[in-house]
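S.K.: Fold the stuff below for me.
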Amino acid sequence: MAAKKLLASFPKVLLDEVEKWGGRKQTGVSLRYMTKFGSQPTSRNLVFSAQFLHKELPIRIARRTLELQSLPFGLSQKPAVLKVRDWYLESFHDIRSFPEVKDSSDELGFTNMIKMIKVRHNNVVPMMALGVQQLKNDINPKARKHDEIHQFLDRFYMSRIGIRMLIGQHVALHDHNPQPDCVGCIHTKMSPMDVARNASEDARAICLREYGSAPDVNIYGDQCFTFPYVPTHLHQMVFELVKNSLRAVQERFMDSDDIAPPVRIIVADGLEDVTIKISDEGGGIPRSGLPKIFTYLYSTARNPLDENLDLASADSVTMAGYGCGLPISRLYARYFGGDLQIISMEGYGTDAYLHLSRLGDSEEPLP
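M.R.: Predicted coordinates:
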């Protein structure tokens with residue numbers, strides 16, 4: 001009933017258009033191209049960028065909207081998922097209603113509109129996690145279609161990373177006082193050591209808030225080493241991995257007389273990859289649990305998302321429990337040609353290897 005009611009609030013002509021645009025081919029962009037193009041944010045280039053987004057964003061948004069309507073186990077009917085689909089339909093309508101971008105004045109109007117779209121979608125991850133949580137209560141944990149949900153969420157979140165990167169990059173090119181060596185969201189001389197330090201401090205602050213204390217984090221690597229990357233992406237990945245390690249160590253040593261061992265971060269500069277290893281002595285993960293850690297229906301922590309949660313406020317950062325931190329971190333790594341691997345020794349601890357591609361010319365992996 002809820003699905004029909006929601007769809008009834010959108011005209012059929014819009015839904016037909018979503019169908020049409022969802023069948024069109026997406027166009028991937030590389031980090032190198034974004035950097036090269038964005039290094040000259042002339043009015044002409046900004047208009048060109050807006051014209052590209054005016055055509056590309058509706059395709060990506062339409063594809064996800066169509067998928068949101070046909071999920072297994074009735075996931076499409078969950079109130080939180082309906083809310084997300086509502087946002088996607090509204091955003092598709094906003095972009096398609098915007099006239100063709102012909103000059104700088106049009107481009108500014110378009111930029112303000114997509115900025116609003118980015119804000120509208122801020123809570124998509126916790127909202128989808130809430131929908132999955134609503135679903136978990138209804139289905140058999142051994143159901144085979146878990147794979148189907150996992151694959152959908154991988155596509156959905158990867159697409160979201162791409163949409164937010166394209167919008168964020170375009171909007172950031174309007175910054176009149178850009179930070180030195182920054183091209184939009186891309187830092188051409190990013191220090192992975194600095195980002196790892198900031199992300200670790202943020203993760204420790206959350207651990208302190210939840211447990212009253214937090215293990216130390218020691219970082220090793222060349223402080224002078226830099227490479228082109230998106231600092232917000234790296235911060236998100238390191239923050240998530242360090243947060244997991246801190247929680248594991250804290251919970252293992254909470255009632256112990258021994259001092260909690262530090263979490264160690266090593267930054268290695270290779271020819272192809274920059275690799276960041278995050279090691280802890282938090283007791284590790286049983287081998288039987290390792291295949292589950294990258295699925296969205298699994299978390300070792302209590303779930304912070306309450307069924308009665310005010311959906312508008314579903315964005316608070318907690319220590320753990322959404323069940324999507326690790327799989328989404330792996331998608332961030334893969335978005336620019338990297339990867340994330342987890343190796344664990346049960347009874348000792350866990351090593352996370354975050355591989356970031358240095359080449360910068362891999363295309364977005366478009367779902």
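
S.K.: drop to CA atoms for contacts and neighbour counts, all remaining ones
M.R.: Fine.

S.K.: What strand or helix carries residue 200?
M.R.: Element membership for residue 200, per DSSP states H and E: helix 192-211.

S.K.: Now do that helix: distance to the chain's middle.
M.R.: Taking the mean of its C-alpha atoms, helix 192-211 sits 18 Å from the chain's own mean (C-alpha atoms, centre = their mean, to the nearest Å).

S.K.: Looking at that helix now, give me its mean pLDDT.
M.R.: Taken as a whole, helix 192-211 has a mean pLDDT of 95.

S.K.: Then stretch 85-98?
M.R.: For stretch 85-98, the per-residue pLDDT averages 95.

S.K.: Need phi/psi at residue 263.
M.R.: phi -80, psi 140 (degrees, to the nearest 10).

S.K.: Go ahead and confirm it touches residue 245.
M.R.: Yes: look at residue 263 against residue 245 with C-alpha atoms under 8 Å: they come within range, at 6.8 Å.

S.K.: These two: which has the busier surroundings?
M.R.: Between residue 263 and residue 245, counted using other C-alpha atoms under 10 Å, the more crowded position is residue 245 (29 against 21).

S.K.: Is that one within a helix or a strand, and which one?
M.R.: Residue-wise, residue 245 maps onto helix 231-253 under DSSP H and E.

S.K.: tilt between that helix and helix 192-211?
M.R.: Angle of helix 231-253 versus helix 192-211, following axes from the mean of the first three to the mean of the last three C-alpha atoms, to 10 degrees, is 40 degrees.

S.K.: what packs against helix 231-253?
M.R.: Identification of packing neighbours for helix 231-253 by 3 or more C-alpha pairs under 8 Å, 6 or more residues apart in numbering; DSSP states H and E yields strand 186-190, helix 192-211, strand 263-269, strand 273-280, helix 325-335.

S.K.: Ok, which of the ones you listed comes nearest residue 103?
M.R.: strand 186-190 (25.5 Å; C-alpha to C-alpha).

S.K.: The closest one - which strands sit beside it in the sheet, and in what orientation?
M.R.: Sheet pairing here is set by DSSP bridges, and for strand 186-190 it gives strand 182-183 (antiparallel), strand 227-229 (antiparallel).

S.K.: can I get those in JSON lines with distance to residue 89?
M.R.: Putting these into JSON lines (distance: least, C-alpha to C-alpha, whole Å) gives the following:
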{"stretch": "strand 182-183", "distance to residue 89": "31"}
{"stretch": "strand 227-229", "distance to residue 89": "31"}
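
S.K.: Adding distance to residue 218, mean neighbour count and mean pLDDT, write those out as a markdown table.
M.R.: Converted to a markdown table, the strands paired with strand 186-190 look like this (distance: least, C-alpha to C-alpha, whole Å; neighbours: other C-alpha atoms under 10 Å; pLDDT from 0 to 100):
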| stretch | distance to residue 218 | mean neighbour count | mean pLDDT |
| --- | --- | --- | --- |
| strand 182-183 | 27 | 22 | 91 |
| strand 227-229 | 21 | 21 | 93 |
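
S.K.: Select, out of the ones you listed, the one closest to residue 69.
M.R.: strand 227-229 (34.6 Å).

S.K.: Show me where the stretch 1-150 of the chain has its helices.
M.R.: Counting by DSSP state H, counting those that start in this stretch, one finds helices in the stretch 1-150 of the chain at the ranges 2-8, 12-22, 31-38, 43-68, 79-97, 104-120, 124-136, 146-172.

S.K.: Residue 221: which of those helices is closest?
M.R.: Of these, nearest to residue 221 by C-alpha to C-alpha is helix 31-38, at 24.2 Å.

S.K.: Give me the below-cutoff pLDDT ranges for this protein.
M.R.: Along the chain, the parts satisfying pLDDT under 70 run over 1-9, 139-145, 298-323, 359, 361.

S.K.: Could you rerun that using 90?
M.R.: Scanning the chain for pLDDT under 90 picks out 1-15, 28-42, 69-78, 125-126, 129-152, 175-180, 255-258, 271, 289-325, 358-367.

S.K.: Name the SS class of the residue in it sticking out farthest from the centre, please.
M.R.: The C-alpha centroid of the chain is most remote from residue 257, which lies 38.1 Å away (C-alpha atoms, centre = their mean). Following DSSP: H, G, I helix; E, B strand; the rest coil, we place residue 257 in the coil state.

S.K.: for stretch 253-264, how far is the first residue from the last?
M.R.: Counting by C-alpha to C-alpha, to the nearest Å, you get 16 Å between the two ends of stretch 253-264.

S.K.: Mind listing residues that contact it?
M.R.: 215-220, 242, 245-246, 249-250, 277-281 (C-alpha atoms under 8 Å, 6 or more residues apart in numbering).

S.K.: try stretch 78-93
M.R.: Counting by C-alpha under 8 Å, 6+ apart, 2-3, 6, 14, 18, 58, 61-62, 64-65, 68-69, 75-76, 117, 120-121, 124, 127-128, 130-131, 134-135, 311 sit against stretch 78-93.

S.K.: still on that earlier bit, please identify the buried residues of the helix holding residue 200?
M.R.: By 16 or more other C-alpha atoms under 10 Å, the buried positions in helix 192-211 come out as 192-197, 199-204, 206-207.

S.K.: re earlier: buried by neighbour count, from the contacts of stretch 78-93: which ones?
M.R.: Here, 16+ other C-alpha under 10 Å leaves 18, 58, 61-62, 64-65, 68-69, 75-76, 117, 121, 124, 127-128, 130-131, 134-135, 311 buried among the contacts of stretch 78-93.

S.K.: I am finished for the moment; much appreciated.
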